[in-house]
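Participant: Let's see this in three dimensions:
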Amino acid sequence: MFLALDTSSGVSVALYDPTDRSVVAESFLDGARHTEHLMPVIDNLLTGAGVPRRDLTAVCVGRGPGPFTGLRVGLATAHTLAFALRVPQHAVSSLEVIAASAAIDRAPGDVLGVAIDARRREAYYAAYRVEAAGPAAPVLTEVLPPSVGKPDAAAAALSDARVGSLAGAAGAIYPEAFAQFTAIDRAHAEAGMLARYAHALLERGADLTEATPLYLRKPDAELPSARKSTLGPR
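Facilitator: Next up, the predicted model:
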């Protein structure tokens, strides 16, 4: 049984059974403040599904991009659980998970864009070409790596990548910037798809051990670089 969690935009947690490729249970809480409730959400999901922690065989986690605190909590929790349970940890870009969810009913060759809110009137974005689609887990090729920028700049980069359709919440938040793209109703990374997609990537021989967070920019709060005198210049 896989436990999957993503905290790039809210808290998404799921249990996935790789033997029959099914999502056993899934829960989502919207909003960054809910990261403080991540462990209770996980415990409630396991209890409701009747799955003890000892039955978990892997932990899957979204690497972001996303808010600094949210990603840190999610990745730290995944690492701690994997270490305590002595099971492998698998990490995937949250933008790629959204693209995988959006690509299920797309045609091979389509280029999908993903854009989510990055605050500061910016968006995190990336683009992927669909190599093969299907209900299980599509095959994607990254054509524009995860980046951050103003909505107009993000839209221009996605257009240059020949994106036709756009998933992610940024399209609704900045409709004028992303009006040229056909909207796909996939707002956030879903933990159920994260586990399903990670499982498919592992079967294809992918290495998912890289679990460093995709912050893409410095955190909002930083330590001062030098002490400032209260006496003013001398």
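
Participant: got the contact list for the most centrally placed residue in the chain?
Facilitator: The chain has Ser94 as the residue nearest its centroid, 1.7 Å off, counting by Cα atoms, centre = their mean. By Cβ atoms under 8 Å, 6 or more residues apart in numbering, the residues touching Ser94 are Asp6, Ser8, Ser9, Gly62, Arg63, Gly64, Pro65, Gly66, Ile116, Ala189, Leu194, Leu214. (C-beta placed from N, C-alpha, C; glycine too.)

Participant: Hmm, which of these is lowest in pLDDT?
Facilitator: Among the contacts of Ser94, Ser9 carries the lowest pLDDT, at 86.

Participant: What's the local residue count around the nearest residue to that residue once chain neighbours are set aside?
Facilitator: Once flanking residues are discounted, Ser9 sits nearest to His188: 4.4 Å by Cβ to Cβ, 6 or more residues apart in numbering. Neighbours of His188 under the rule other Cβ atoms under 10 Å: 24.

Participant: show me what contacts His188?
Facilitator: Asp6, Ser8, Ser9, Gly10, Ser12, Phe28, Ile98, Ile116, Gly168, Ala169.

Participant: now swap in Val51 and tell me
Facilitator: By Cβ under 8 Å, 6+ apart, the neighbours of Val51 are Met1, Leu15, Val24.

Participant: Next secondary structure element downstream of the helix or strand where the last one lies?
Facilitator: Under DSSP states H and E, the secondary-structure element containing Val24 is strand 22-29. Once the chain leaves strand 22-29, the next helix or strand it forms, by DSSP H and E, is helix 38-49.
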